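Asker: Okay, predicted coordinates and the sequence, questions at the end:
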Amino acid sequence: MYMGHLRKFGNWGSVAAKLIASNALKLPSFHDEVRMWVFEEVLPNGEKLTDVINKTNENVKYLPGIKLGRNVVADPDLENAVKEANMLVFVTPHQFMGGICKKLKGKVTGEVEAISLVKGMEVKKEGPCMISSLISKELGINSCVLMGANIANEIAVEKFSEATVGYRESREIADTWVQLFSTPYFMVTPVHDVEGVELCGTLKNVVAIAAGFVDGLDMGNNTKAAIMRIGLREMRALSKLLFPSVKDSTFFESCGVADVITTCLGGRNRRVAEAFAQSGGKRSFDELEAKMLQGQKLQGVSTAREVYEVLNHCGWLEMFPLFSTVHQICTGRLKPEAIVHYRDHKA
Ligand code: NAD
Ligand code: 13P
């Protein structure tokens, strides 16, 4: 049963700023200042979030108790935040990326490189559009991705973890991103498979929802391990159907199996799905998200819907029973128990 606030979940955007800020100060090849666009909010005491971040050096709403680094400057003005920047790091819940890219269209000029830490995708008439592609198409710039087993509050207190940078063409650009993010407690590996890395980060959120159902129904570790295995197999199968260039080896990087494990053990998607199953599907994900995450956002429920749309459109539903069952449970068409009531088709 869910009781009270869940303070242990952290915000990846703020932790990413902290990682970058420490390296920007240390490495001469980067400017010291890290300008961080923050969606402006008014706090209960009437102060603006960006003012408080700049005064206290903490994101008091989304990552309280962690100093970001004195060279981080919060800016509520998106256009101003990107002015003259030649390296753009995107970290926001995926549902906001369409609007952000629209606002930035034509505002990003010169030799600019981007990296997306956003786990998610958009579904357009033509099919799925990964967030790195959205950035490239809308802003006319190259975009790498960084994904991995990266529960934010653990990295915030500098516990060791790994991550994967996915790149399309230039290894040199990938190495620059690796330099910008790497610390002794954050080990980053470049992989020449942008789609594979990004699809791992995106699809594992659907598997995490399934793992949460298993936990909510108290089905035990063997069942959860089975769900993780089947989930990983569906992740690989769908990634390869969408992008035949995706490599098997990518699923053994931090962005693959490691992220499936950490998210199914300790993530927000798992936690909220657990509460959903405990309520017998009676409490909606929207209600639980608002109550349990206090402004933070789930990615798995909307990704399950987006994946379902793609599967339905392509006639692949039967090949992906786990993915399609998760969506049907989220929408109330099936009971949470259905998470183990399907035949395990060979995806
Ligand atoms: P979050 O889930 O904490 O969501 C809150 C963030 O959304 C805040 O930064 C807030 O300023 C912003 N926001 C709220 N309303 C907005 C709006 N209308 N427009 C734009 N932004 C708005 O965010 P997060 O944890 O930084 O997650 C961002 C991405 O990073 C997601 O794709 C997530 O899957 C991924 N990610 C998260 C973690 C984690 O542990 N938190 C780890 C790895 C990857
Ligand atoms: P949640 O959004 O489920 O917390 O997952 C965080 C994550 O992506 C860890 O790598």
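Answerer: Great, that's in hand. Ligands and ions are numbered 1, 2, ... in the order given.
Asker: which residue sits closest to the residue in the stretch 201-347 of the chain that ligand 2 sits nearest to, ignoring its sequence neighbours?
Answerer: Residue nearest to ligand 2 within the stretch 201-347 of the chain (C-beta to the nearest ligand atom): residue 267, separated by 2.7 Å. (Glycine included, C-beta is placed from N, CA and C.) Nearest non-adjacent residue to residue 267, counting by C-beta to C-beta, 6 or more residues apart in numbering: residue 208, 5.2 Å away.
Asker: Given the lowest-mean-pLDDT helix or strand in the chain, what are its sheet partners and their directions?
Answerer: Least confident element among the helices and strands of the chain, by mean pLDDT, DSSP states H and E: strand 121-124 (a mean of 89). Paired with strand 121-124 in the same sheet, following DSSP bridges, are strand 127-130 (antiparallel).
Asker: Buried residues, the partner strand. List them.
Answerer: 128, 129, 130 (16 or more other C-beta atoms under 10 Å).
Asker: List phi and psi for the residue most central in space within the chain.
Answerer: Nearest to the geometric centre of the chain sits residue 119, at 3.0 Å (C-alpha atoms, centre = their mean). Dihedral angles of residue 119 (phi, psi; degrees, to the nearest 10) stand at phi -100, psi 110.
Asker: Tell me, how many residues neighbour the residue nearest to it when sequence neighbours are not counted?
Answerer: Among residues not flanking residue 119 along the chain, residue 201 sits closest, at 4.1 Å (C-beta to C-beta, 6+ apart). Using other C-beta atoms under 10 Å, residue 201 is surrounded by 31 other residues.
Asker: now the one 5 residues further on
Answerer: As a burial measure, the neighbour count of residue 206 was computed by other C-beta under 10 Å and equals 30.
Asker: Among the buried residues of strand 127-130, which one sits closest to residue 67?
Answerer: residue 130 (33.1 Å; C-beta to C-beta).
Asker: Do I have it right that the closest one meets residue 121?
Answerer: Yes. The criterion here is C-beta atoms under 8 Å, and residue 130 meets it with residue 121 at 5.2 Å.
Asker: what is in contact with the two at once?
Answerer: By C-beta atoms under 8 Å, 6 or more residues apart in numbering, residue 130 and residue 121 have these common neighbours: 198, 202.
Asker: residue contacts, residue 295?
Answerer: By C-beta under 8 Å, 6+ apart, the contact set of residue 295 is 41, 61, 62.
Asker: give me that answer again for 10 Å
Answerer: The contact partners of residue 295, taken as C-beta atoms under 10 Å, 6 or more residues apart in numbering, are 11, 39, 41, 61, 62, 289.
Asker: State the helix or strand in which it lies.
Answerer: Following DSSP states H and E, one finds residue 295 outside all helices and strands.
Asker: Tell me how far the residue of the stretch 201-347 of the chain found nearest ligand 1 lies from residue 258.
Answerer: Residue of the stretch 201-347 of the chain nearest ligand 1, by C-beta to the nearest ligand atom: residue 296 (3.5 Å). Here residue 296 is placed at a distance of 22 Å from residue 258 (C-beta to C-beta, to the nearest Å).
Asker: now residue 40, nearest residue through space, not along the chain?
Answerer: residue 76 (3.9 Å).
Asker: Pop out the phi and psi values for that neighbour.
Answerer: Per degrees, to the nearest 10, the backbone of residue 76 is at phi -80, psi -10.
Asker: Next: residue 276.
Answerer: With angles defined as degrees, to the nearest 10, residue 276 sits at phi -60, psi -50.
Asker: Report how many residues lie close to it.
Answerer: Residues lying near residue 276 (other C-beta under 10 Å) number 26.
Asker: what do you get for residue 294?
Answerer: Neighbour tally, residue 294, other C-beta under 10 Å: 13.
Asker: is it true that it touches residue 61?
Answerer: Yes. Counting by C-beta atoms under 10 Å, residue 61 is a contact partner of residue 294 at 8.2 Å.
Asker: mind listing what's buried in the helix or strand where residue 81 lies?
Answerer: Following DSSP H and E, one finds residue 81 within helix 78-82. Neighbour-count burial for helix 78-82, counted by 16+ other C-beta under 10 Å, picks out 78, 81, 82.
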